[in-house]
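**Student:** from the sequence below, what's the structure:
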Amino acid sequence: MHAFEAERDEMLGCAVERSIEHAVFGGEIGRRAFIARVGASTAAAALASVFPVAAACALAQDKAGPPEKKQLKIGFIPITCATPIIMAQPMGFYKKHGLDVQVTKASSWAMIRDLSINGETDATHMLSPMPLAITLGVGSQSVPYVMPAVENINGQAITLATKHKGVTAPSDMKGFKFGVPFDFSMHNFLLRYYLAEGGVDPDKDVQIRAVPPPEMVANLRAGNLDGYLAPDPFNQRAVFEEVGFIHLLSKDIWPGHPCCAFAAKREFATATPNTFRALLSAIVDATQYARDRAHRKEIATAIAPKNFLNQPVEVLEQVLTGVYPDGLGNTKTVPDRIDFDPFPYHSMAIWILTQMKRWGYLKSDVTYKKVAEEVFLAGACRDTLKALGYRAPETTSVKHAFALGKTRLFDPDKPDDYLKSFAIRKV
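**Tutor:** Residues are numbered from 1 along each chain as shown. Down below sits the predicted model:
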């Protein structure tokens with residue numbers, strides 16, 4: 001590296017670090033006062049404990065050094081939400097960015113969490129609420145996580161057993177037994193939202209329990225569940241096996257909602273920033289490739305084998321292309337049934353936190369914006385998108401519109417007002 005390049009990168013790194021310090025300490029005066037009280041080394045350690053400074057600086061530079069670690073393990077659950085993480089191996093995206101990655105299949109979200117926390121995987125496929133919950137110590141030990149990319153948007157559905165074909169609304173579902181993949185999942189929060197908007201209390205009028213996605217169809221067939229809000233391909237697989245029908249796509253609750261995500265312990269991002277950067281680049285690159293619907297059939301073939309999703313290509317094509325039978329005798333064409341957009345808006349995290357609070361998972365008060373910014377690394381994703389030549393949003397928070405016949409707008413600047421607006425809630 002030429003001397004001027006080294007100086008430029010050092011100056012840029014300092015600028016990034018000063019920006020982070022400004023956000024954390026409230027400006028130069030606050031920074032100096034804090035350092036005067038605790039000392040420079042303690043202040044630096046405190047800053048690093050709440051934000052992956054090294055990773056942010058590395059991601060901000062035009063050029064990073066080679067990955068500190070090239071051989072990696074990434075955990076995944078065999079669902080279409082993990083498409084970018086999975087396809088990046090057989091389609092060469094990890095190799096393109098200088099990495100040798102083994103994707104490792106897990107059977108449940110608890111297993112995904114434990115493998116990651118215990119260091120048996122370097123990074124992982126996660127439900128987008130999970131990095132928030134684990135960072136806050138809700139439902140598990142507290143371990144700081146970062147989530148620099150969303151894996152997919154939309155891509156879920158409410159599937160009901162064939163015996164319930166007469167059901168048209170939540171009011172018809174009182175007494176039902178529902179499955180969701182995990183407590184800290186968009187599936188759980190969107191199902192609760194849907195039921196409550198229809199006047200059904202999800203804690204009193206129905207039963208909701210966690211069921212690993214690969215076991216959902218069998219439980220529906222056996223009569224253990226009346227329905228589930230699940231990731232694909234298990235909604236379409238229920239139709240394929242003629243044991244269920246698709247009642248409602250999740251995009252009809254919240255169009256463009258986040259689903260699964262790419263996450264890692266903050267320690268991994270900080271200790272190996274070049275590896276973190278390369279891995280994020282590979283994931284974002286694969287996500288953008290999957291976003292082009294012209295590639296969906298090719299991708300279905302790539303992720304279908306036994307070591308990945310272990311599903312019929314036909315079923316995966318129906319999910320990924322959005323042309324599918326719904327189990328009620330109709331063939332639907334919904335191109336954005338599942339879509340791929342990596343940008344982790346802070347407003348998405350804030351909505352998730354309001355729902356954790358709404359349903360009693362989060363017992364204490366939380367500074368929504370601060371937690372969202374620490375975990376959902378929108379800036380890192382934006383920098384990566386731009387470095388790869390893709391367009392990136394300039395704002396990290398937006399208002400989100402929910403559907404269901406009446407539009408309810410979520411304003412991330414007013415989370416407490418939003419939370420209090422619901423008639424059915426635990427708090």
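
**Student:** could you report the neighbour count for Lys369?
**Tutor:** 17 (other Cβ atoms under 10 Å). For the C-beta atoms, the positions are set from N, CA and C on the backbone; glycine is no exception.

**Student:** same deal with Ala286?
**Tutor:** 29.

**Student:** helix/strand/coil for it?
**Tutor:** With DSSP: H, G, I helix; E, B strand; the rest coil as the basis, Ala286 sits in helix.

**Student:** quick check, it in contact with Pro90.
**Tutor:** No - using Cβ atoms under 8 Å, Ala286 makes no contact with Pro90, being 10.7 Å away.

**Student:** show me this structure divided up by domain.
**Tutor:** 3-50, 71-153+258-306+340-420, 156-256 (automatic domain parsing).

**Student:** now the second one, how far from the chain's geometric center?
**Tutor:** Which is domain 71-153+258-306+340-420. 4 Å (Cα atoms, centre = their mean, to the nearest Å).

**Student:** could I get the contacting residues of Leu279?
**Tutor:** The contact partners of Leu279, taken as Cβ atoms under 8 Å, 6 or more residues apart in numbering, are 72, 94, 97, 99, 101, 122-123, 264.

**Student:** Tyr194 too?
**Tutor:** The contact partners of Tyr194, by Cβ under 8 Å, 6+ apart, come to 158, 170, 229, 248, 253, 404.

**Student:** Met130 too?
**Tutor:** Counted by Cβ under 8 Å, 6+ apart, Met130 has contacts 109, 112-113, 145, 182, 184-185, 261, 263.

**Student:** secondary structure, distance to Asn154 and pLDDT added to those, as TSV?
**Tutor:** Output for the contacts of Met130, formatted as TSV (DSSP: H, G, I helix; E, B strand; the rest coil; distance: Cβ to Cβ, whole Å; pLDDT from 0 to 100):
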residue	secondary structure	distance to Asn154	pLDDT
Trp109	helix	19	95
Ile112	helix	21	97
Arg113	helix	24	96
Tyr145	strand	24	98
Phe182	coil	18	97
Phe184	coil	19	97
Ser185	coil	15	98
Ala261	strand	14	97
Ala263	strand	19	98
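
**Student:** coming back round to it: which of the domains of the chain sits closest to Leu316?
**Tutor:** domain 71-153+258-306+340-420 (3.9 Å; Cβ to Cβ).

**Student:** end-to-end on the closest one?
**Tutor:** 48 Å (Cα to Cα, to the nearest Å).

**Student:** thinking again about what came up before, TSV for the domains of the chain, including distance to Gly327?
**Tutor:** TSV is the format used below for the domains of the chain (distance: least, Cβ to Cβ, whole Å):
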stretch	distance to Gly327
domain 3-50	48
domain 71-153+258-306+340-420	18
domain 156-256	3
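
**Student:** out of these, which is closest to Leu320?
**Tutor:** Judging these by Cβ to Cβ, what sits closest to Leu320 is domain 71-153+258-306+340-420, at 4.0 Å.

**Student:** list the buried residues of stretch 398-418.
**Tutor:** For stretch 398-418, a neighbour-count test (16 or more other Cβ atoms under 10 Å) marks 400, 402, 410, 412, 415, 418 as buried.

**Student:** need the max-distance pair from these.
**Tutor:** Top of the distance list for these (Cβ to Cβ): Phe402 and Pro415, 14.5 Å.

**Student:** report the mean per-residue pLDDT for the helix or strand containing Leu280.
**Tutor:** Using DSSP states H and E, Leu280 sits within helix 273-291. In this model, helix 273-291 has an average pLDDT of 98.

**Student:** so after it, what's the next helix or strand?
**Tutor:** helix 296-303.

**Student:** quick check: what element follows that following helix along the chain?
**Tutor:** Following helix 296-303 in sequence order, the next helix or strand is helix 313-321 (DSSP H and E).

**Student:** mean confidence for that following helix?
**Tutor:** The model assigns helix 313-321 a mean pLDDT of 98.

**Student:** show me how far that helix is from its chain's centre.
**Tutor:** 21 Å.

**Student:** which strands and helices sit next to it?
**Tutor:** Contact here means 3 or more Cβ pairs under 8 Å, 6 or more residues apart in numbering; DSSP states H and E; on that basis helix 313-321 packs against helix 234-240, helix 296-303.

**Student:** tell me the most buried of these?
**Tutor:** Neighbour counts (mean count of other Cβ atoms under 10 Å) averaged over each of those peak at helix 234-240, with a mean of 26.

**Student:** alright, that wraps it up for me.
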